[in-house]
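curious how this folds, go ahead:
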Amino acid sequence: MNSKIILGTVQFGMNYGINNSTGQLTEDEVFNILDLVHKSNIHILDTAAAYGNSEKRIGNYNQSRLDKDFKIITKFNLKQGATPLESLENSLQNLKVDQVDTIMFHSFEDFRESSKKNIEKLIEQKGKKYLKLGISLYTNEQVDEICNHKLFEVVQLPFNALDNYNLRGKALEKLKANNIEIHTRSVFLQGLFFMSRNKIPLKLNPLKAYLEQLEIIAKKYRVEKAALALHYALSKTYIDGILIGVDSLNQMENNIKMLASRVPHQAFNEIDNIVVNESYLLNPAVWNH
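Below you'll find the predicted structure:
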């Protein structure tokens, strides 16, 4: 089961997450987390050129732990005028590797604004500097358009106990029907699932009722909320990889413990029936606007 888990590394290079009270991880903490996940059969890392110094820290780890091999997914940073190939080459240098498993456009907009000529130059390097081309998406409409392009082998998009089968099921099934590898993110909705109710920002108050529903399900089946959230995503066989991010080594240890726990399948059926009417609030990009 751990083989489907992908460690998200944005916290390696930035202060990230609505419920993150400890800030950016130190390099020692990063190394300890990577040692632990490798030992726990988690061998895929997801990073990005825009995640502060995350790529460089992974590169430092690669250099110091030659016996521990990770598959690496990274994403272009095209905001400074770099072409996709230039961004990839910079990432390879930061990561201290000759090739990554998957390179992704960081957004649908990044892909749409890239020229055909630059994409063709990138594709010429497939099998040399990267193995698979992917894209990170947000909306189901973007999924529809990407399926029509027949260009991508991997798509990453949100999926969790609130942004659930009701909202995402058809889009995920369409990706699978097009033989596209599916990676999901936001399994804990940036830590919102664990946030004290009195600390939830006023703007997100409409989500409290749905968070309460998750708590009721967790208590009914006597499972931790983290286990419920993780195993809900793992229960969907069409999902190939599930990203989890952590703020500390202790959090990673707890997640590994949760992965080993059992959650009754009836709990997943109840989560499938949660319908979030204010679905726009499930996008963390709008939380600060």
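
in three-state terms, label the residue lying closest to residue 96 once chain neighbours are set aside for me.
Nearest residue to residue 96, sequence neighbours excluded (C-beta to C-beta, 6 or more residues apart in numbering): residue 59, at 3.9 Å. From N, CA and C alone the C-beta is placed, and that goes for glycine too. Here residue 59 takes the helix state, with states given by DSSP: H, G, I helix; E, B strand; the rest coil.

likewise for the one 3 residues further on?
The three-state label for residue 62, taken from three-state DSSP, comes out as helix.

residue 135 is in what secondary structure piece?
For residue 135, the host element (DSSP states H and E) is strand 130-136.

quick one: whatever helix or strand comes next after that strand to chain centroid distance?
Heading C-terminal from strand 130-136, the first helix or strand you meet, by DSSP H and E, is helix 140-149. Mean-position distance between helix 140-149 and its chain equals 19 Å (C-alpha atoms, centre = their mean, to the nearest Å).

on the C-terminal side of helix 140-149, identify the next helix or strand.
strand 154-158.

got the CA positions of that next one in PDB?
Below are the C-alpha coordinates for strand 154-158, written out as PDB (Å, rounded to 0.1, in the frame of the first residue of the first chain):
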ATOM      1  CA  VAL A 154       0.500  11.800 -15.800                       C
ATOM      2  CA  VAL A 155      -2.000  14.200 -14.400                       C
ATOM      3  CA  GLN A 156      -2.000  15.500 -10.800                       C
ATOM      4  CA  LEU A 157      -5.200  17.000  -9.300                       C
ATOM      5  CA  PRO A 158      -6.900  17.500  -6.000                       C
END
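
determine the set of other helices and strands touching the helix or strand of the chain with the lowest mean pLDDT.
The least trusted helix or strand in the chain, going by mean pLDDT, DSSP states H and E, turns out to be helix 10-13, with a mean of 92. Secondary-structure packing of helix 10-13 (3 or more C-beta pairs under 8 Å, 6 or more residues apart in numbering; DSSP states H and E): helix 54-64.
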